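J.: let me see the structure of the following:
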Amino acid sequence: MSINEAIILAGGLGTRLRSAVPDLPKCMAPINGKPFIAYVIDHLQQQGINKFILSLGYKSEAIVDFIHQRFSNIDFQFSIEAEPLGTGGAIQLSCSKTTEQNVLVTNGDTLFKINAAKLSALHKQSNADCTLSLKPMTNFDRYGVVEMNEQNQIISFKEKQFYESGLINGGVYALNVQSFLNEELPQKFSFEKDYLEEFYSTKKMLGVVQDEYFIDIGIPEDYNRAQKEL
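T.: Below you'll find the predicted structure:
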């Protein structure tokens, strides 16, 4: 049974997009007349996700209104931060609303067209704590590199710098909810720095390579690229 519930992190301020998208949460940036988050939800629905928890913060009412208008027939819950909690804190808060043992976690400002069944299968068969979707890239400096061994186990996270080629963390995870909550992490923390990079050597963290379409609209040039590609 593939994972059918997803947390979408949609609380971002979009500070670097201000020139292109004034005063909207980043995931609401319009791409060809449609908010970016709609592309993310559409893809997840195609992958069998039918329950959604939206983690919101900045200007949350704009997203809530849009979801009620555009996706009124879907099972949605909203997890709203009173103050920014970081990616980890946002996921932790959203986990209190999950109904499944394993949940997909993704970003509302990144579209990575992963095969969710492939991610789900490795995660569940291995009884992993967290399984990352890794995207192969060449000639890049915006992302760090993730390394794994032949058993798909994550063995290192490397800093952002120029790489000729490598696997990047695509920001789509399968997460065992109880295992994550059992860590009793602080209220505010970074999922990437304080969970993945701290615990990969002691928890069962796996990677699955997904060489699929990937775009992160966090910077104006990629936001403009999305207008052409989506």
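J.: tell me the backbone dihedrals of Gln45, please.
T.: The phi and psi torsions at Gln45 (degrees, to the nearest 10) take the values phi -60, psi -40.
J.: verify the contact between Ile49 and Val40 for me.
T.: No. Here Ile49 does not reach Val40: they are 10.3 Å apart, not a contact under C-beta atoms under 8 Å. All C-beta atoms are positioned from the backbone trio N, CA, C, and that covers glycine.
J.: what helix or strand is Gly207 located in?
T.: Using DSSP states H and E, the element containing Gly207 is strand 205-209.
J.: give me the residues contacting that strand.
T.: Residues outside strand 205-209 that contact it (C-beta atoms under 8 Å, 6 or more residues apart in numbering): 118-119, 122-123, 126, 128-136, 146, 148, 152-154, 167, 196, 199.
J.: so which strand or helix has Leu132?
T.: When secondary structure is defined by DSSP H and E, Leu132 falls within strand 130-140.
J.: low-confidence regions, the protein specifically.
T.: Scanning the chain for pLDDT under 70 picks out the ranges 13-22.
J.: determine the longest strand present in it.
T.: The strand that spans the most residues within the chain, counting by DSSP state E, is strand 163-176.
J.: which strands or helices does the very next helix or strand once past that one pack on?
T.: Secondary structure here is assigned by DSSP H and E; on that basis, the next helix or strand after strand 163-176 toward the C-terminus is helix 177-181. Contact here means 3 or more C-beta pairs under 8 Å, 6 or more residues apart in numbering; DSSP states H and E; on that basis helix 177-181 packs against helix 86-95.
J.: render the CA-only coordinates of the helix or strand that the helix it packs on is followed by in PDB, please.
T.: Scanning forward in sequence from helix 86-95 by DSSP H and E, the next helix or strand is strand 102-107. What follows is strand 102-107 as a C-alpha-only set of coordinates in PDB (Å, rounded to 0.1, in the frame of the first residue of the first chain):
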ATOM      1  CA  ASN A 102       4.000   7.100   7.200                       C
ATOM      2  CA  VAL A 103       3.600  10.400   5.500                       C
ATOM      3  CA  LEU A 104       5.100  12.100   2.500                       C
ATOM      4  CA  VAL A 105       6.600  15.500   3.200                       C
ATOM      5  CA  THR A 106       7.300  18.000   0.400                       C
ATOM      6  CA  ASN A 107       7.800  21.800  -0.100                       C
END
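J.: and the next helix or strand past strand 102-107?
T.: Beyond strand 102-107 on the C-terminal side, the first helix or strand identified by DSSP H and E is strand 110-112.
J.: list the buried residues of the following helix or strand past that following strand.
T.: The first helix or strand that comes after strand 110-112 along the chain, using DSSP H and E, is helix 116-125. Within helix 116-125, the residues that count as buried by 16 or more other C-beta atoms under 10 Å are Ala116, Lys118, Leu119, Ser120, Ala121, Leu122, His123, Lys124.
J.: count of residues packed around Ser96?
T.: Ser96 is flanked by 10 other residues according to other C-beta atoms under 10 Å.
J.: name the helix or strand for the closest residue in space to it that isn't next to it in sequence, please.
T.: Computed as C-beta to C-beta, 6 or more residues apart in numbering, the closest residue to Ser96 that is not its neighbour in sequence is Ser79, at 7.6 Å. When elements are assigned from DSSP H and E, Ser79 belongs to strand 75-80.
J.: so which bits of that strand are buried?
T.: In strand 75-80, residues buried by neighbour count (16+ other C-beta under 10 Å) are Phe76, Phe78, Ser79.
J.: give me the ChimeraX select line for the contacts of strand 205-209, limited to the buried ones.
T.: Listed next is the ChimeraX selection for buried residues among those, using 16+ other C-beta under 10 Å:
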select :118,119,122,123,128,129,130,131,132,133,134,135,146,148,152,153,154,167,196,199
